[in-house]
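[1] fold the following.
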Amino acid sequence: MKVHLSAVCGTAMASLAGLLRNLGHEVTGSDQDVYPPMSTQLELLGIPILSPYAEENVPADADLVVIGNALSRGNPEVEAVLDRGQRYTSLPALVGEEFLRSRRCLVVAGTHGKTTTTSLLAFLLDRAGRDPSFLIGGLPVDFQKSYRLGQGEHFVIEGDEYDCAFFDKRPKFVHYQPDVAVIGNIEFDHADIYRDLEAVETAFLRLLNVIPRRGLLLAGTESPPVLELLPRAHCRVETFGLHDGADWRASDLRPEGDVTRFRLWRRDRDLGEFVAPLPGAHNVRNVLAALGAAAAAGLELDTLRSPLAAFRGIRRRLEVRGQVDGVTVYDDFAHHPTAVRATLEALRAAPGRLVAVFEPRSYTSRTRLFQEEYARALGVADEVVVAAAHLPERIPEDERISESQLADAIRSRGASAAFLRDVDAIVTRLVETLRSGDRVAILSNGGFGGIHERLLAALEAARR
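    All right, here's what the predicted structure looks like:
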């Protein structure tokens, strides 16, 4: 087939492009915002990206158009497809029908930790020689791409609760036919499509309703909304967490640099010491979920110690982008206040001054809804720089975050904080104030004006 992907630079869409190419389909794509790492992945695939959106981007002879969930009525490509009567679908629907139906599907869902857990699970299956297929909402360092079409029976996929498309408002994961499903946690997020926590819980209930009776649900015990859903599961349930009573439990956590050692328990059985290859208690929970799902896939736990410790992480998940003169620059995708706090607490465990640079970019982070929670989360750092919100005009003015008020709220909690509108001003300030031993966490779910490279280059120039 000839398939066109509108909004091709999204992580999942760029992964789908690769999967379709693996099946021999001709793939074209278009997008408005083009930046690494997905633009790089598409370039390596030889898929040109047409930008900005325009009617002529969509080939009139395309057999199928996949419309990303960022697009809505009024977009010129959407209007062209509808006017022409072309066949169209959403990414989740196509993935479910084309790739998942013939495989044993392992779906990783939850408000936080999906990308890390999915990557870990795919890595463990790969190292066990199972040759899994996968589609991940990030770029695992060990695979260097976010997708694979393997020869094994398992397909590991990140189960996003965001909606499918303007014509299908159900959560993506209802299309994913899970044999094993992970729900690590549930919080209110995606305020642009969910009105409150109850609406988010309803979305996850839909996931429970498509797990077959023979399937397995792995549930995080430390999330009350997850626990509330468990009586409504129609399948076997196992739990994981750091507290007594979980079926999969970690105890005796010992941070050591960028890893965490812990003791693994399965119910009341002590399975010995394991190493979470990423810092922070939240990543220990992610490891527990991955180990539980790997066991459900038939892997022996004793064989997983060495592969687990060898996992090298995910791009944009506490990724070290560089170090200059003792200053370490991290890149992290965290955009929900709980994820921001978990990221900063993981870095806080190491010695040295911690500096956070936060760009409100997701819909949730650009609203006033979580402004106080962001202040508490960012206050974990010693110094905070708040950047201007991305495309603030897309949020009604009376609902929009106030960056200056956020900085004031952070200062009231004891941290140093400033609101600096543009990347140049932020880089200038950081170069003037950073010193050897500092760690800089740059928090954004977008390109952020190339701030990582610009900061590292400016630090190098200042050292000369």
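[2] look up the closest residue to residue 150, ignoring the ones flanking it.
    Closest residue in space to residue 150, ignoring its immediate chain neighbours: residue 131 at 4.0 Å, by C-beta to C-beta, 6 or more residues apart in numbering. Placement of C-beta: from N, CA and C, glycine included.
[3] got the contact list for the one you found?
    Contact analysis of residue 131 by C-beta atoms under 8 Å, 6 or more residues apart in numbering lists 125, 150, 151, 152.
[4] for it, helix, strand, or coil?
    Secondary structure, DSSP: H, G, I helix; E, B strand; the rest coil: residue 131 is coil.
[5] center of this protein, which residue is that?
    Nearest to the mean C-alpha position of the chain, by C-alpha atoms, centre = their mean, lies residue 115 at 4.5 Å.
[6] surely it meets residue 319?
    No. Assessed by C-beta atoms under 8 Å, residue 115 is found out of contact with residue 319, at 11.7 Å.
[7] could you chop the protein up by domain?
    Following automatic domain parsing, the chain resolves into domains at 2-89, 93-314, 318-463.
[8] distance from the shortest one to the middle of the chain?
    The chain centroid and the centroid of domain 2-89 are separated by 21 Å, computed with C-alpha atoms, centre = their mean, to the nearest Å.
[9] please apply the same query to the last one.
    Its chain's C-alpha centre lies 18 Å from the corresponding centre of domain 318-463 when counted by C-alpha atoms, centre = their mean.
[10] can you tell me the average pLDDT over that domain?
    Averaging pLDDT along domain 318-463 yields 93.
[11] still on that earlier bit, any chance of the contacts of residue 131 in a markdown table, with pLDDT too?
    Shown next, in a markdown table, are these (pLDDT from 0 to 100):
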| residue | pLDDT |
| --- | --- |
| 125 | 98 |
| 150 | 96 |
| 151 | 96 |
| 152 | 97 |
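[12] mind giving me the PyMOL command for buried ones among the residues you listed?
    Listed next is the PyMOL selection for buried residues among these, using 16 or more other C-beta atoms under 10 Å:
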select buried, resi 125+150+152
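[13] of the contacts of residue 131, which belong to helices?
    Among those, the ones falling in helices (DSSP state H) are residue 125.
[14] so which of the contacts of residue 131 is the closest to residue 339?
    Lowest distance from residue 339 to those (C-beta to C-beta) belongs to residue 125, with 25.3 Å.
[15] quick one: contacts for the closest residue to residue 236 other than its chain neighbours?
    Spatial nearest neighbour of residue 236, excluding adjacent residues (C-beta to C-beta, 6+ apart): residue 216 at 5.1 Å. Applying C-beta under 8 Å, 6+ apart, we find residue 216 in contact with 179, 180, 181, 235, 236, 237, 238, 296.
[16] now those: which count as buried?
    179, 180, 181, 235, 237, 238, 296.
[17] any idea how far the first one lies from residue 101?
    Yep, that's residue 179 we're talking about. Using C-beta to C-beta, to the nearest Å, residue 179 is found at 12 Å from residue 101.
[18] from what I can see residue 50 touches residue 59, true?
    No. Counting by C-beta under 8 Å, residue 50 does not reach residue 59; the two are 10.2 Å apart.
[19] these two: which is more packed in?
    Higher neighbour count among residue 50 and residue 59: residue 50, with 18 against 14, using other C-beta atoms under 10 Å.
[20] tally of neighbours for residue 412?
    Residue 412: 11 neighbours (other C-beta under 10 Å).
[21] that one: what's its closest spatial neighbour, skipping adjacent residues?
    In this structure, residue 412 finds its nearest non-sequential neighbour in residue 375, 7.8 Å apart by C-beta to C-beta, 6+ apart.
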